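Student: Sequence below, structure please.
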Amino acid sequence: MPYQKKLLAALIGAALASTAGAGQIVDGPMAFDPIPQSAEVLSADWEQPHLIPEGFVMFKVSDETDLNIYGTGDGRDPADRTDMNTVNETGRQAGRFLYRTHEVDECGAVSVVDLQSGAAKVIAQARNCVAASPAIGPQFPELTRGGDLDGIRWTPWGTVLFAEEDPQGRLYELYLDKKDPSVAVEVKDRPAVGRIRHEGIEVGADGAVYVIDELNGGSIFRFVPVVYGDLSSGQLYALKLTGLTDAEQAYGIGHPHTGPFEWVALDPDLVHRDAKRAADLVNATEYGRPEDVEAIGQVLYVAETSEDRVLAVDLNRQVVTAFVTAGDNAPAEGNPNFNNPDNLAQGPDGRLWIVEDATGSDIWVADKDLDNDGKADAVHLFAASPPWLTAGPRAPASVSARIPTRCLSTCSMRRKNSRTAPGPSRIATRRAKRSASKAFAAHTAPPRGTAPQGAALLPASGLSASRPTYGAIRIRRPSKLAAPHAGVGA
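Tutor: From the prediction side, this is the model:
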């Protein structure tokens, strides 16, 4: 995403009615009364940094001062530019560690925050760091570039995928210490998954990896490894609608680019160098800046930012539909309006959470498609903040999403007087580019040893700060609120 886009904050729950009718109560594990409209003016006050449903509170989780990765000691203090995030969804101490990418032009890094203690550290950093900004974390031979690191995703086999949002960008796989998930032991470049402008990353239950090429004219891809959990070799496919001419597959021709599709195999040798070129050679279908991807069951949701809509890719029926569209089942005019959807996440009850990437971004929740017309039955507004969100885990009764936003620091939110019993929280993230930081997640039945159920991690606003920092805030709604760890939420 472009530099200007990175101002965002995200929360999670289920929210205001767009076409569904303002004022209705959204039920479920994250029940709330939708807010009536977007925020006109947002405060940098930590007491109320975002426009959110009544009954929710927030507190700080992490901010730039925890790491200051790119501070130089000569009076300059560049932002850490936290982007997407994810948590360790499985394995030892599942849900305890939040992993984040830092999207800078060089010397990119992956950091981890211990959600129990609040401790943060860099666990992997690129080899191309310069003397003016030396590495403060371990460097690995195959992490050669690390420019504009953006997407990040936990895999079912216990590694972390992260990638560059650059032309011919690389996708890397980070391996963690089996006894300590906060320690990286190896980073592998995975060229077979494709050199493209990576952003959203998703991993299916069968081990297939879904990625996108983030530009106007970008495509949707599926990588099938030869061996489950081994991304060193396999076949990359691009989505191509059937029934259209090759010319009609191009972006910007006026066709909605929905309908039946097939997965078209791409040249493996070319994929290792330029997957966009490989997709062009087979005339793969092009979309308007596809950004995030989130699988819920057998449906892959894709945020098509430039077209103000979210696509639903039915992986069983092999049909693409417009799941949420401004001017159809989401408002296009007035306040609020559905604009620049960016990050996606699965909610505790299987609803799709959507965060915009625009100045004054909103967070929406889309109902399921119960009437089987390919569209969300209703779309609701949950919260408003300066720009963006992101997605993560998809375990039962858990929700997570990523959210970029410019912030003074980060905080956490909780809902008061909830009937939901406390339980650990699984947080996922992904993007918070240059002038933004994002990270938010909400859960209701995650792993042991972490935060209470019904929590959402997001970035705070702080737009008036002369030296903005980046971080994440958490939103919760348990009946008994566990005290935040030392230094967090004070």
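Student: Point out where the stretch 1-150 of the chain drops to low pLDDT.
Tutor: 1-24, 40-49, 57-60, 64-65, 72-78 (pLDDT under 70).
Student: Val185 and Asp63: what is the separation?
Tutor: Using Cβ to Cβ, to the nearest Å, we find Val185 at a distance of 28 Å from Asp63. The C-beta positions use only the backbone N, C-alpha and C, and glycine is treated the same way.
Student: Kindly report the same for Gln249.
Tutor: 44 Å.
Student: of these two, who's got more company?
Tutor: Neighbours were counted for Gln249 and for Asp63 using other Cβ atoms under 10 Å; Asp63 has more, 26 against 22.
Student: report the longest strand in the protein, please.
Tutor: strand 230-241 (DSSP state E).
Student: just the strands in the stretch 51-200 of the chain please.
Tutor: In the stretch 51-200 of the chain, the strands defined using DSSP state E, counting those that start in this stretch lie at 56-62, 82-87, 97-102, 109-114, 120-125, 149-154, 160-164, 171-176, 184-189.
Student: Can you lay out those strands as a markdown table showing distance to Asn340 and mean neighbour count?
Tutor: Shown next, in a markdown table, are the strands of the stretch 51-200 of the chain (distance: least, Cβ to Cβ, whole Å; neighbours: other Cβ atoms under 10 Å):
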| stretch | distance to Asn340 | mean neighbour count |
| --- | --- | --- |
| strand 56-62 | 24 | 26 |
| strand 82-87 | 17 | 36 |
| strand 97-102 | 20 | 30 |
| strand 109-114 | 26 | 26 |
| strand 120-125 | 29 | 22 |
| strand 149-154 | 16 | 29 |
| strand 160-164 | 21 | 27 |
| strand 171-176 | 25 | 22 |
| strand 184-189 | 31 | 19 |
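Student: Export those strands to CSV and append columns for distance to Val379.
Tutor: Shown next, in CSV, are the strands of the stretch 51-200 of the chain (distance: least, Cβ to Cβ, whole Å):
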stretch, distance to Val379
strand 56-62, 20
strand 82-87, 23
strand 97-102, 28
strand 109-114, 31
strand 120-125, 35
strand 149-154, 25
strand 160-164, 29
strand 171-176, 32
strand 184-189, 39
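Student: Which one of the ones you listed lies nearest to Ser306?
Tutor: strand 149-154 (17.1 Å; Cβ to Cβ).
Student: and the closest one, what other elements does it pack with?
Tutor: Judged by 3 or more Cβ pairs under 8 Å, 6 or more residues apart in numbering; DSSP states H and E, the packing partners of strand 149-154 are strand 82-87, strand 97-102, strand 109-114, strand 160-164, strand 201-203.
Student: Now do the third one against strand 120-125, angle only.
Tutor: It refers to strand 109-114. On the basis of axes from the mean of the first three to the mean of the last three Cα atoms, to 10 degrees, strand 109-114 is oriented at 150 degrees to strand 120-125.
Student: I'd like to know how many residues surround the closest residue to Trp364 other than its chain neighbours.
Tutor: Excluding its sequence neighbours, the residue lying closest to Trp364 (Cβ to Cβ, 6 or more residues apart in numbering) is Ile354, at 4.5 Å. When neighbours are defined as other Cβ under 10 Å, Ile354 has 32 of them.
Student: Direction included, what does whichever strand or helix holds Ile354 pair against?
Tutor: For Ile354, the host element (DSSP states H and E) is strand 352-356. When sheet partners are counted by DSSP bridges, strand 352-356 sits next to strand 341-346 (antiparallel), strand 361-366 (antiparallel).
Student: Tell me the bridge partners for Tyr210.
Tutor: Here Tyr210, judged by DSSP bridges, has bridge partners Glu202, Arg222.
Student: scratch that, Lys240
Tutor: For Lys240, the beta-bridge assignment (DSSP bridges) gives partners Glu262.
Student: Now for it, how many residues are close by?
Tutor: The tally of other residues near Lys240 (other Cβ under 10 Å) stands at 19.
Student: Settle this for me: Leu352 is touching Ala330, isn't it.
Tutor: No. Between Leu352 and Ala330 there is no contact under Cβ atoms under 8 Å: 12.0 Å.
Student: Overlap of the contact sets of those two?
Tutor: Jointly contacting Leu352 and Ala330 under the rule Cβ atoms under 8 Å, 6 or more residues apart in numbering are Val324.
Student: is it true that Gly234 touches Arg222?
Tutor: No. Contact criterion Cβ under 8 Å: Gly234 and Arg222 do not qualify, at 10.1 Å.
Student: Surely Glu142 touches Asp189?
Tutor: Yes. In this structure, Glu142 is within contact of Asp189 by Cβ under 8 Å, at 4.5 Å.
Student: and for the two, which residues touch both?
Tutor: Tyr172.
Student: Look at Leu300 and report its pLDDT.
Tutor: Leu300 is assigned 98 on the pLDDT scale.
Student: next one: the one 3 residues further on
Tutor: At Ala303 the predicted local distance difference test score is 98.
Student: Tell me who's in contact with it.
Tutor: Per Cβ under 8 Å, 6+ apart, neighbours of Ala303: Gly200, Pro290, Glu291, Asp292, Val293, Val310, Pro341, Asp342, Asn343, Leu344, Ile354.
Student: Also Ala119?
Tutor: For Ala119, the contact set (Cβ under 8 Å, 6+ apart) comprises Val113.
Student: Excluding chain neighbours, what is closest to Pro260?
Tutor: Thr242 is the one closest to Pro260 (Cβ to Cβ, 6+ apart), at 4.9 Å.
Student: How about the contacts made by the one you found?
Tutor: Gly259, Pro260, Phe261, Glu262.
Student: From Val365, how far out is Ala378?
Tutor: In terms of Cβ to Cβ, Ala378 sits 9 Å off from Val365.
Student: which one of these two has more residues nearby?
Tutor: Of the pair Ala378 and Val365, Val365 is the one with more neighbours under other Cβ under 10 Å, namely 30 against 19.
Student: how far away is Asn372 from Val302?
Tutor: Taking Cβ to Cβ, one finds Asn372 at 19 Å from Val302.
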